[in-house]
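1. just a sequence and a predicted model for now, questions to come.
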Amino acid sequence: MQTLTAQSRNEIETTRRYSARYAFHDLVVRPLLSGSSKTLRRSIFDILERLDGPIRSIIDISAGDDPLIAELGELFDAEIYLANDICIESLYKLRHYIPLSGRFIGTNFDALNLPENLPCFDLAIAKNVIHHMTSGREMEQLLSNLDRVSKNILVVDIEDPACGSWQGRAWKFYYSCFLHDQGHRFVRQQEFRDIINQYFLSSTIYFKTTHTSKGTFMLALISRTIETKGSHILQTTPFHRFSVARF
Ligand SMILES: C[S@@+](CC[C@H](N)C(=O)[O-])C[C@H]1O[C@@H](n2cnc3c(N)ncnc32)[C@H](O)[C@@H]1O
């Protein structure tokens, strides 16, 4: 049984309490955002071209209902791709977008406290989650968990809408006040770069910025050549022991 922080409990409760609003969002608003999502996807695929070596295993530590993990799994022909989120309802939604495959696993852990026995992945994704960290300590815990569970890491987040366009501010208002999204700690580009540079001192880091109608997205790819445990470990690890949702 994992111990959840107050923020993590909020994440779970909000999605449950406002489930009707999230259903409206999925049906009506999400299609309006498809242009912005496509632009960001292209940017993500571009930056990932810099990766060296095979990507056989991928983890998205806060996948929500975003099928990016499956798209990357297919792109890299990964042997295993794992979608994690603290909110199980989001993972159930994600299941509808992803074809059943023995290579796809869903887990329901707090990304600040991932299990010690999680094997090392070739690539970890942390998309739109750093603005959900409520303190410097949580940010550090998140980065330390990412550091531990993966060789390469892709961090993506939206730049603080307060310093962006009126559309960006309007979207922020919609997400915070209508959907009650629990992510409030947005950072500006310089702070984003400082956080990543300071934490991953001895790694090669690529930064990229992408402008969309929803706002400016900041991407950082942390690329390392260190030897990992390799995918053979993944194949032999009994995932079901700590996976509450194996799809
Ligand atoms: C803004 S959504 C982003 C979802 C998806 N990555 C995307 O880009 O569409 C943030 C997600 O982070 C998840 N999350 C927040 N804190 C978390 C934590 N401590 N551990 C795991 N997931 C977390 C939330 O449940 C939510 O699904």
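-> Noted; the coordinates are in hand.

2. tell me the buried residues in the host helix or strand of residue 206?
-> Using DSSP states H and E, residue 206 maps to strand 204-212. For strand 204-212, the buried set under the neighbour-count rule, 16 or more other C-beta atoms under 10 Å, comprises 205, 210, 211, 212. All C-beta atoms are positioned from the backbone trio N, CA, C, and that covers glycine.

3. surely the second one and residue 189 touch.
-> Pointing back at residue 210 there. No. With contact taken as C-beta atoms under 8 Å, residue 210 and residue 189 are classed as non-touching, separated by 11.6 Å.

4. so what's in contact with these two at the same time?
-> Between them, residue 210 and residue 189 share these contacting residues under C-beta atoms under 8 Å, 6 or more residues apart in numbering: residue 216.

5. ok, which stretches of this protein are helices?
-> In order along the chain, the chain carries the following helices (DSSP state H): 6-17, 19-24, 30-32, 34-48, 68-75, 88-97, 136-149, 166-173, 189-199, 231-236.

6. now residue 57. Nearest residue, chain neighbours left out?
-> Spatial nearest neighbour of residue 57, chain neighbours left out: residue 121 (4.5 Å); criterion: C-beta to C-beta, 6 or more residues apart in numbering.

7. tell me how many other residues surround that neighbour.
-> A count of neighbours around residue 121, defined by other C-beta atoms under 10 Å, yields 28.

8. over to the one 4 residues further on?
-> Burial measure for residue 125: 28 neighbouring residues, criterion other C-beta under 10 Å.

9. leaving out sequence neighbours, find the closest residue to it.
-> Nearest to residue 125 is residue 60, by C-beta to C-beta, 6+ apart, at 4.2 Å.

10. likewise for residue 212?
-> Counting by C-beta to C-beta, 6+ apart, the residue nearest residue 212 is residue 36, at 3.8 Å.

11. give the contact list for that neighbour.
-> If a contact means C-beta under 8 Å, 6+ apart, then residue 36 has 212, 213, 214 as its contacts.
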